[in-house]
Each structure stands twice: as structure tokens, then as C-alpha cells.
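J.: Sequence plus the predicted model coming up.
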Amino acid sequence: HAKSLGGNCCQTFEPSFQEKMQLRMTIERHLRKAIELNELSLHYQPQIDTLNGRIVGFECLVRWDNSELGRVSPATFIPVAEETGLIYDIGEWALREGCLQNKRWQDEGIIHVPVAVNLSPSQFYDQKLKERIESVLAETGLDPAYLVLEITEGMTMHVQGSIAALKDLKALGVSIAIDDFGIGYSSLSYLKEFPIDKLKIDQSFVRGMKDHPINTAIVHAVQSMASCLGLDVIAEGVETEEQVEMLTELGCRTMQGYLFSFPIVAAQVPELSRNYANV
Ligand code: C2E
Ligand code: MG
Ligand code: MG
Ligand code: MG
């Protein structure tokens, strides 16, 4: 394994097409049983208002631990789930689990902030999405004001009918965030037509600020535009104090990243909340 050879070794062993297909099929075979075997779990990563040091939300990130494959990254299995249609069940599982957990935190007086759940493109295009969300909210009893749906730019901006679809979702009382903002197909003029609440600045811009001023310029531009449009901004992937300083300078106060916390299991959330100003 190239990585275990140490250092910043650039040597990689690119698997062949056949090997990739084999792995995909293995993943698919195991993924089909993942929900019933209880192999999926959610981790929660806090979003921090750096001006007052409070947690203002959590993002739900799915984790998959399989006995044969070990832990498989969502970056690997979500695309497989997308292609095979398994994403409908997995996505609904994640939505229900995130809403249930948040309701529990609120009922137990642990923390009162929204949770953000990621939606895949096929979920967004699903005609039944609104109904599914509506019934999960009803089942779990979560106040819709405490649910944020994260969608990516490419999913929305160029698709006919997506303004109506978003308005439909918003009518439930949930919020909409655009994830990985800036790297997709953005059409800035559309942005003002879209009924969205938040932009999440992609972590590549945050990471690049130090060495390439263009990233700082982009963050600055996104922040100013969002302010004009009345949208909230969250910077993703914040890992250093230096990034916090630069982002603060640019007027961005809400941040998410390893500097504050890795994604954690639900059981760790009460202690984390105590460590911030929330409890
Ligand atoms: P995302 O929604 O953009 O989530 C942010 C990713 O960045 C997460 O990776 C998170 O663990 C990671 N991250 C957070 N802070 C830092 C940091 O400071 N530095 C670095 N380098 N990374 C950081 P993760 O958990 O591996 O998830 C990857 C992607 O998988 C997510 O990107 C999202 O697109 C997708 N995903 C995860 N859970 C779900 C889900 O329930 N449904 C769907 N449809 N997609 C999901
Ligand atoms: Mg996300
Ligand atoms: Mg993101
Ligand atoms: Mg991403």
C-alpha cells in the first residue's frame, strides 16, 4: 500500500478497470444488506458560530462498517448507492436517524440546534421526496425548523422544475443549504431565484486560501454575495487557526471542520455541547 510506505510518497497502484468493477460489485452486494444488518450509523459534525463559540448545528454523515470490507468511506459507497438505487433506502434511513436523534437531544435538553442531512441527486429528483420527508418528520416528531437539507449545486441550478421542487420542500418548513458551493456548475444569476437559506463554501477554497490568493478572493466574493442575498454561509473543512482568522477577516463566522471537531458518534454530543457555550 503506497501510503504505508510513508512520507508524501506519490507512488500509487492504479487498479485496473476490471478490479474496479469487481470492487463495485462486492460493495453493492454487501450494501444491499447493510441496513438490515445494522451496519450503518451516523456521525455528527458540529457547526460553530466562531463569534460566540456556540454550536449552531450538526451535519449528519453516514458511516458504514462491514464485517468483510471494514469501514467503507461514503465517498466510495454513496456513488454505488446512487447508481444502484440503494440510495433511496439509505438516504431515508439517514434522514430518519438524524431526525430521531435530534428530537431525542431536544427532548433530553441536551442541545437545540438543527441537523443537516445530505441528499443525493436521485433523492432530489424523486417525486416522492416531499412525502417521504413529511412522513419522517411526522413519525419522529421533529420540528421542521430543525432540519436542513444539503443539496449540491449541480443538482439544482440547471434542472428545469427545481425551483418549484425547492419551494415545495421549503413549504414543509425545512431549510435548504447548497453543499460544496463554488465547485459545481454555478450560475450566479440563478441563485437569487432559488429559495435557499445557506451556502456551504467548499473545503477546497478554505484549504487553498493560504497558498493561492484566488481562493481568498472566491471566499470573499461568495461571502459578499451571500450577504446581499440574505443567505447564511458556512465554511467547510476548517483545520487551522490561520484559516479561522482569514475567514473571520472576510466576514465568515460559521465554520465546520476538524479544528473544532471530527464527526462524532451521538453519545459524544452531550460532552461536546458542554465544552461549547451551548449547555
Ligand atoms: P460533504 O457533505 O461535503 O461532507 C463533508 C466531508 O468533509 C465529510 O466527509 C467530513 O467528514 C469531511 N470533513 C469535515 N471536516 C473536515 C476537515 O476539517 N478536513 C477535511 N479534510 N475533511 C473534513 P465524509 O464523512 O467522508 O463524507 C463525504 C461525502 O459523502 C459528504 O461530503 C457527502 O457528500 C457524502 N455523504 C455523507 N453522508 C451522506 C448521506 O447520508 N447521504 C448522502 N447522500 N451523502 C452523504
Ligand atoms: Mg454535506
Ligand atoms: Mg461539503
Ligand atoms: Mg463533498
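T.: Structure received. Keep in mind that what you see is a predicted model, and the values were worked out from it rather than measured. Ligands and ions are numbered 1, 2, ... in the order given.
J.: Shouldn't residue 37 be within a strand?
T.: No - when DSSP: H, G, I helix; E, B strand; the rest coil is applied, residue 37 is found to be coil, with no strand at that position.
J.: Spit out the contact partners of the nearest residue to residue 182 once chain neighbours are set aside.
T.: Residue nearest to residue 182 in three dimensions, not counting chain neighbours: residue 202, with 5.0 Å by CB to CB, 6 or more residues apart in numbering. C-beta here means a position set from N, CA and C on the backbone, and glycine is covered the same way. Each residue near residue 202 by CB atoms under 8 Å, 6 or more residues apart in numbering is listed here: 180-183, 236-237.
J.: In ChimeraX, how would I select just the buried ones from the residues you listed?
T.: Selection command for ChimeraX covering only the buried members of the contacts of residue 202, criterion 16 or more other CB atoms under 10 Å:
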select :180,181,182,236,237
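J.: Generate a markdown table for the contacts of residue 202, with pLDDT and distance to residue 109 as supplementary columns.
T.: Formatted as a markdown table, the contacts of residue 202 follow (pLDDT from 0 to 100; distance: CB to CB, whole Å):
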| residue | pLDDT | distance to residue 109 |
| --- | --- | --- |
| 180 | 93 | 34 |
| 181 | 92 | 34 |
| 182 | 87 | 37 |
| 183 | 84 | 39 |
| 236 | 98 | 29 |
| 237 | 98 | 31 |
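J.: Is the helix or strand encompassing residue 90 in proximity to ligand 2?
T.: Secondary-structure element containing residue 90, defined by DSSP states H and E: helix 87-107. No - among the residues of helix 87-107, none lie within reach of ligand 2 under CB under 5 Å from the ion; the closest is 11.2 Å away.
J.: again, but for stretch 45-54
T.: No - interface with ligand 2: stretch 45-54 contributes nothing (CB under 5 Å from the ion), its closest point being 9.1 Å away.
J.: ok, residue 114 to ligand 1 distance?
T.: Distance of residue 114 to ligand 1, computed by CB to the nearest ligand atom, to the nearest Å: 15 Å.
J.: pLDDT value on that residue, please?
T.: Residue 114 carries a pLDDT score of 98 in this model.
J.: Kindly report the same for residue 184.
T.: Among the per-residue scores, residue 184 shows a pLDDT of 76.
J.: Can you pull the residues of this structure lying near ligand 1?
T.: With CB under 6 Å from any ligand atom as the criterion, the chain meets ligand 1 at residues 45, 61-62, 73-75, 78, 91, 94, 118-120, 150, 179-180, 203, 237-239, 257-258, 263.
J.: If we check ligand 3, which of those residues are in contact?
T.: Intersecting those with the contacts of ligand 3 gives 179-180 (criterion: CB under 5 Å from the ion).
J.: can you map out the helices along the stretch 101-250 of the chain?
T.: In chain order, the stretch 101-250 of the chain shows helices spanning 121-125, 129-140, 153-156, 162-170, 188-191, 203-208, 213-229, 241-249, with DSSP state H, counting those that start in this stretch as the criterion.
J.: Centre of the chain to the fourth one, how far?
T.: Relative to the centre of its chain, helix 162-170 is centred 19 Å away, using CA atoms, centre = their mean, to the nearest Å.
J.: How about the longest one?
T.: Taking the mean C-alpha point of helix 213-229 and that of its whole chain, the gap between them comes to 20 Å (CA atoms, centre = their mean).
J.: and residue 122, how many neighbours?
T.: 16 (other CB atoms under 10 Å).
J.: so it makes contact with residue 87?
T.: Yes - taking CB atoms under 8 Å as the contact criterion, residue 122 and residue 87 are neighbours in contact, 5.5 Å apart.
J.: who in the stretch 151-279 of the chain is up against ligand 3?
T.: With CB under 5 Å from the ion as the criterion, the stretch 151-279 of the chain comes near ligand 3 at residues 179-180, 236.
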